[in-house]
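Novice: quick one, what's the 3D model for this:
(one chain, ligands or ions: 1)
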Amino acid sequence: MTQEANDIKLGRFLSLVLRHRPSAAGITLDALGWADVDELLSGVRRTGRRIDMDTLERIVRENNKRRYSFNEDHTKIRANQGHSIPVDVELKKETPPHRLYHGTVERFLPSIRREGIRKMGRQYVHLSADYQTAEEVGRRRGTPVVIVIDAEAMARDGAVFYLSENGVWLCDHVAPEYFLDPEPLVK
Ligand code: HQG
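Specialist: Below you'll find the model as predicted:
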């Protein structure tokens with residue numbers, strides 16, 4: 001396997017450990033979502049995977065979505081967003097742009113039109129700042145459908161938005177009244 005392919009595979013495992021199931025590497029996260037880097041490296045190695053500090057540094061640096069961050073002296077690491085476990089990654093409250101985008105697939109639309117966009121398994125609803133990124137998010141599940149959201153109106157009505165370190169917009173819920181396209185575009 002090429003180094004790049006191996007890094008992608010390891011990155012997926014890190015996502016699982018740092019966002020959803022730290023016990024998969026036999027570690028725990030602190031309240032702010034940090035894992036101890038030495039514990040993580042030895043925990044990942046115990047699962048039979050090969051990883052060293054240089055590899056971890058490279059994965060953090062080159063990850064396509066900048067999913068992970070180190071603390072200042074690189075003794076701790078955490079995922080920037082996407083958690084299903086209750087950690088506080090100190091997200092910054094921000095005023096959203098006028099429009100935000102949610103990528104999904106056709107089969108979820110009836111329920112989304114009824115209930116709005118819900119956080120499902122994660123801590124927040126994930127929204128993208130641009131249409132194309134939302135298309136990519138939707139494409140993970142099939143032919144993408146992008147819902148255009150009137151984020152300006154949501155903010156005006158009191159909704160709180162957070163912007164993660166890697167540029168993902170997060171909120172608690174998006175009610176259907178804020179969908180701009182009565183029939184979200186199907187591509
Ligand atoms: C859907 C990736 C039925 C929602 C991406 C989505 C993102 C509903 C799925 C990040 C619903 C949840 C998050 C409702 C929402 N009824 N279905 N009322 N409300 N849904 O994975 O947004 O690669 O938890 O449309 O880039 O797909 O992991 O959320 O399809 O930023 O770094 O329920 O994950 O980043 O799925 O993706 P997810 P998501 P990473």
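
Novice: for the nearest residue to residue 74 once chain neighbours are set aside, give its distance to the ligand.
Specialist: Excluding its sequence neighbours, the residue lying closest to residue 74 (Cβ to Cβ, 6 or more residues apart in numbering) is residue 37, at 6.5 Å. Heads up, the C-betas are built off the backbone N, CA and C, glycines and all. Distance, residue 37 to the ligand, using Cβ to the nearest ligand atom, to the nearest Å: 20 Å.

Novice: can you tell me how far the residue nearest the centre of the chain is from the ligand?
Specialist: Compute the mean C-alpha point of the chain, and by Cα atoms, centre = their mean the closest residue is residue 82, 3.3 Å away. Residue 82 sits 5 Å away from the ligand, going by Cβ to the nearest ligand atom.

Novice: over to residue 64?
Specialist: Taken as Cβ to the nearest ligand atom, the span from residue 64 to the ligand is 9 Å.

Novice: which of the three states applies to that residue?
Specialist: coil (DSSP: H, G, I helix; E, B strand; the rest coil).

Novice: same thing with residue 133?
Specialist: helix.

Novice: go ahead and confirm it touches residue 101.
Specialist: Yes - between residue 133 and residue 101 there is a contact at 7.2 Å, judged by Cβ atoms under 8 Å.

Novice: can you mark which positions in the helix ranked longest in the chain are buried?
Specialist: Ranked by residue count and defined by DSSP state H, the top helix of the chain is helix 3-15. Neighbour-count burial for helix 3-15, counted by 16 or more other Cβ atoms under 10 Å, picks out 7, 10-11, 14-15.

Novice: brilliant, that's me finished.
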